[in-house]
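Colleague: fold the following and give me the result.
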Amino acid sequence: MRFKLSVQTTYLLLVVASILLVALQDKLLIYIHPRYIIFTITLCALAGLILIASLFIKDSEGLHKHKESKLGLIPLMLLVAVMIVIPPKTLSSSTVTQRLSNSQSGQQSNQVFSGSTLGLSVSDWFQILSLNEEPEYYALKPAKITGFIYDAGLGEDTVWVSRFILTCCAVDARPVGVPVRVENWAENYSEDDWVIVEGNFELSETSEGSKIVLIPDKIEKTEEPENPYEF
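Modeller: Model prediction:
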């Protein structure tokens, strides 16, 4: 049976194969939110089957090219349909406000503090620090966070321990961080080093003035986690 492999079909097959290969390597989490993984794999598998089927359409009476071009567009049409159902949204000031507070008051902070604070993530502390800068508020509230070092310009003794929050995919990932006191940090650490930090929050001087900063009781380097994002 004859078949014709067009440039368009070849390109689409390579795209589908690349995505499925990443999925087989369990690396899709690097690019998309977990909620979209099954959907993405299903869509790519369906698109691959349609593309392969299109290769075996007989090139008779000059109709092959016409049919193949239509079939080759089906995966693109499906992707367009997905974009219509789940339209991308441009980040705005209202989105920033919503994501920083994630509530209309300090009620959320009281709720997350109702249990052990050692289970709070970088993004949790980032939100809480954005809402409350009173040192007394953090008394007896220890933290244990994991993230990578980022020089936020707070001075030679203070860095951010950061993570990226993934909403949909890597394109819309946004950084969050917690200021951590590490004296002469550049002597022992580099940017992008992953660390685990345990300690308590205190008022500390930075290049931007007095800020609530995590003072480590313990800090150690660690490997980048299998899933580096927070959701």
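
Colleague: what about Thr117, how many neighbours?
Modeller: Residues near Thr117, counting by other CB atoms under 10 Å, number 19. Placement of C-beta: from N, CA and C, glycine included.

Colleague: same check, this time on the one 10 residues further on
Modeller: Residue crowding around Gln127 was assessed by other CB under 10 Å; the count is 21.

Colleague: now the closest residue to Ser207 other than its chain neighbours: how far from Tyr36?
Modeller: Ranked by CB to CB, 6 or more residues apart in numbering and with sequence neighbours excluded, the top spatial neighbour of Ser207 is Gly155, at 4.0 Å. Between Gly155 and Tyr36 the computed distance is 40 Å (CB to CB, to the nearest Å).

Colleague: with Ile149 instead?
Modeller: Distance from Ile149 to Tyr36, by CB to CB: 29 Å.

Colleague: how about Ser18?
Modeller: 16 Å.

Colleague: these two - which one has more neighbours?
Modeller: Tyr36 (16 against 11).

Colleague: can you give me the distance of the more buried one to Cys168?
Modeller: For Tyr36, the distance to Cys168 - CB to CB - is 7 Å.

Colleague: Glu230 too?
Modeller: From Glu230 to Cys168 the distance is 14 Å (CB to CB).

Colleague: with neighbour numbers in mind, choose between these two.
Modeller: Glu230 (17 against 14).

Colleague: residues contacting that one?
Modeller: For Glu230, the contact set (CB atoms under 8 Å, 6 or more residues apart in numbering) comprises 121-123, 163-166, 176.

Colleague: which element is the residue nearest to Ser207 on?
Modeller: Counting by DSSP states H and E, Gly155 is held by no secondary-structure element, helix or strand.

Colleague: wait, it touches Ser210, no?
Modeller: No - with contacts counted by CB atoms under 8 Å, Gly155 stays clear of Ser210, the gap being 12.0 Å.

Colleague: neighbour count winner among those two?
Modeller: Taking neighbours as other CB under 10 Å, Gly155 and Ser210 compare with Gly155 leading, 16 against 11.

Colleague: still on that earlier bit, quick one: the residue nearest to Ser207 from Glu205, how far?
Modeller: Gly155 is 8 Å from Glu205, by CB to CB.

Colleague: can you report phi and psi for the residue nearest to Ser207?
Modeller: phi 120, psi 170 (degrees, to the nearest 10).

Colleague: before we move on, what about Glu133?
Modeller: Here is the backbone geometry of Glu133 (degrees, to the nearest 10): phi -120, psi 20.

Colleague: quick one: it from Ser190, how far?
Modeller: With CB to CB as the criterion, Glu133 and Ser190 are 29 Å apart.

Colleague: likewise Lys144?
Modeller: 22 Å.

Colleague: the two: who's more crowded?
Modeller: Between Lys144 and Ser190, Lys144 has the larger neighbour count (other CB under 10 Å), namely 17 against 10.

Colleague: mind checking the SS state of that one?
Modeller: strand (DSSP: H, G, I helix; E, B strand; the rest coil).

Colleague: surely it meets Glu198?
Modeller: Yes - counting by CB under 8 Å, Lys144 touches Glu198, with 4.6 Å between them.

Colleague: need the residues touching each of those two.
Modeller: Leu118.

Colleague: where in the chain is pLDDT low?
Modeller: For the chain, the stretches flagged by pLDDT under 70 are 1-8, 11, 56-115, 170, 231.
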